[in-house]
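Q: prediction below, plus the sequence it came from.
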Amino acid sequence: MTLSKLWKKIKNISYEWLPLTGMVTMVYMIQRGFLAIHKAGIAPEGVDIKGAMSIFFTATAFGCLGLGFLADRLKTEALILVAAISGTIGILMLGINPIIFGILMGLSAAVAKMVPFMGPLKTKTTKHEAMRITPQALGKQLGAALMMFVLGASIKVAGFGLFTSILAPVWLGACLWAWYLVQKYDIKLLKWNWESVKATLSNWKLYVYALWYAAMAVTLYTVLPMIIPTFISMEMTKAEAVTLYGTLGLCLMWLRFGWSWLADKFNIHLHLMLASVAIYTLAVFLMPTIPVIAIGAVLVMMQSVTPCMWTTAKKWFGSKYMGTAMGIVMIFSYIIIGLYLGKW
């Protein structure tokens with residue numbers, strides 16, 4: 001392939017996913033970053049990270065519910081603007097009132113999680129569905145990895161104060177960037193209505209999918225908090241443990257392209273979804289005895305989830321009902337995660 005042909009292919013790629021990826025990246029910086037703060041034992045005295053994140057996930061669940069019906073009445077850019085303001089205030093309030101942080105940031109996260117599934121930029125059918133969402137899915141891992149590096153570098157320098165002073169304006173900037181580009185690309189949301197809700201609720205596949213999503217999330221969020229303490233038990237410092245976690249995430253996130261290609265090539269999206277739950281569950285039991293293998297298996301398998309769950313959901317529910325179905329699934333799952341995180 002000549003350079004001119006390669007450049008032509010690059011120019012023909014749709015970059016509509018870029019603005020929303022910025023928000024997705026920030027959400028996962030917060031989710032995985034605060035998990036690391038809690039498990040590394042460096043949360044400042046008086047700040048209940050565990051409680052804040054439990055409220056965060058619960059608020060995200062109910063935010064997904066409300067977002068579906070707001071989509072019938074508000075433009076996409078209006079929802080993003082609300083998320084920008086509420087999320088910025090929420091981050092700044094973390095050290096003052098974790099409850100307010102959990103509610104405001106959780107509602108903002110619902111926008112970042114749901115808009116990509118409800119937007120028409122992904123409703124086209126191709127032979128490479130998993131590969132199409134991979135760049136946006138990459139933002140999740142990138143956000144988590146970047147936060148690990150910031151956290152690892154700041155433990156001895158600025159401590160926790162670095163997060164609220166930097167994350168708030170960065171979140172605001174990411175949202176405003178998305179707000180501008182969503183208008184430019186005219187990205188509109190798929191509409192919720194009682195007809196779509198009733199049709200989705202009558203589909204038995206919705207409940208199977210929701211059970212898988214909840215099981216995947218619970219098993220994943222059981223093993224992820226074990227990784228940093230395991231590294232620390234290997235005589236690493238807290239900073240080294242967190243930075244290693246980020247490095248592994250940054251290196252392995254590119255496997256998403258490999259998993260997506262494999263899933264599209266052999267049509268094994270559902271098989272990989274089911275395998276993820278099995279691997280995460282097995283890793284929980286293997287961590288005490290062979291932690292290196294358990295951690296490696298989880299981080300490798302984790303790269304397959306989002307592309308495969310997107311493609312399977314589209315096959316099962318179709319473009320018309322996918323936004324509604326994913327909203328209902330996330331409501332169910334994030335309530336469970338929010339309650340479960342109280343056990344951290």
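A: Yep, it's here.
Q: same question for the longest helix seen in the chain: list its buried residues.
A: For the chain, the helix with the greatest residue count under DSSP state H is helix 305-340. Neighbour counts over helix 305-340 (16 or more other CB atoms under 10 Å) mark 305-314, 316-317, 321-338, 340 as buried. C-beta: built from backbone N, CA, C; applies to glycine.
Q: residue 294: what secondary structure?
A: helix (DSSP: H, G, I helix; E, B strand; the rest coil).
Q: that one: how many residues sit nearby?
A: Residue 294: 23 surrounding residues under other CB atoms under 10 Å.
Q: also residue 236?
A: 15.
Q: mind checking how far it is from residue 242?
A: 9 Å (CB to CB, to the nearest Å).
Q: please apply the same query to residue 96.
A: Applying CB to CB to residue 96 and residue 242 gives a distance of 25 Å.
Q: between these two, point out the one with more neighbours.
A: Just comparing residue 96 and residue 242: by other CB under 10 Å the higher neighbour count belongs to residue 242, 30 against 11.
Q: the more buried one contacts residue 227, doesn't it?
A: No. Between residue 242 and residue 227 there is no contact under CB atoms under 8 Å: 9.7 Å.
Q: all helices of the chain, in order?
A: Under DSSP H, the chain gives helices at 3-12, 18-40, 49-70, 76-92, 98-118, 129-154, 161-185, 194-201, 204-233, 238-252, 255-266, 269-286, 291-301, 305-340.
Q: now those in CSV, with mean pLDDT?
A: Output for the helices of the chain, formatted as CSV (pLDDT from 0 to 100):
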stretch, mean pLDDT
helix 3-12, 64
helix 18-40, 75
helix 49-70, 80
helix 76-92, 90
helix 98-118, 85
helix 129-154, 70
helix 161-185, 80
helix 194-201, 85
helix 204-233, 90
helix 238-252, 85
helix 255-266, 89
helix 269-286, 94
helix 291-301, 94
helix 305-340, 81
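Q: what residues are up against residue 257?
A: When contacts are counted by CB atoms under 8 Å, 6 or more residues apart in numbering, residue 257 touches 131, 134.
Q: let's see 7 Å
A: Contact analysis of residue 257 by CB atoms under 7 Å, 6 or more residues apart in numbering lists residue 134.
Q: for residue 298, see how far away it is.
A: From residue 257 to residue 298 the distance is 19 Å (CB to CB).
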